[in-house]
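Participant: generate coordinates for the sequence data below:
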Amino acid sequence: MFYVYILQSLKDKSLFIGFSSDLKSRIIKHNKKQVTSTKDKSPWKLIYYEAYLERKDAIGREIFLKSGAGWRFIKKQLEHHFNKTPKTG
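Facilitator: Presented below is the predicted three-dimensional model:
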């Protein structure tokens, strides 16, 4: 299995979109500050993921979610989550 996932920083509520073949260990790495791009905003909470059988499909989905249309999809798909999550700043 291959996973595309969205994490939310518990520090500042920012989002991170990633891809992994081992979702559990990848989240642990994010929270142990072993991922350069996310270490400054740890701890992270998994808020969404999708599973794929083919690596190329998961990578394509990750690329889409990082696009403008992908961000619009995320906002709509997770609308209830974002409306109940207190804003910071």
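
Participant: next up, the contacts around residue 78.
Facilitator: Neighbour list for residue 78: 6, 47-48 [criterion: Cβ atoms under 8 Å, 6 or more residues apart in numbering]. C-betas here are computed from N, CA, C, even on glycine.

Participant: make it 7 Å
Facilitator: By Cβ atoms under 7 Å, 6 or more residues apart in numbering, residue 78 lies in contact with 47-48.

Participant: how about residue 74?
Facilitator: Residue 74 neighbours (Cβ under 7 Å, 6+ apart): 6, 65.

Participant: pop out the phi and psi values for it.
Facilitator: With angles defined as degrees, to the nearest 10, residue 74 sits at phi -60, psi -50.

Participant: do the same with residue 66
Facilitator: Given degrees, to the nearest 10, the pair of backbone angles that residue 66 has is phi -80, psi 0.

Participant: who does the closest residue to it other than its chain neighbours form a beta bridge with?
Facilitator: Spatially, and ignoring its direct neighbours in sequence, residue 66 is nearest to residue 17 (5.5 Å; Cβ to Cβ, 6 or more residues apart in numbering). Judged by DSSP bridges, the bridge partners of residue 17 are residue 6.
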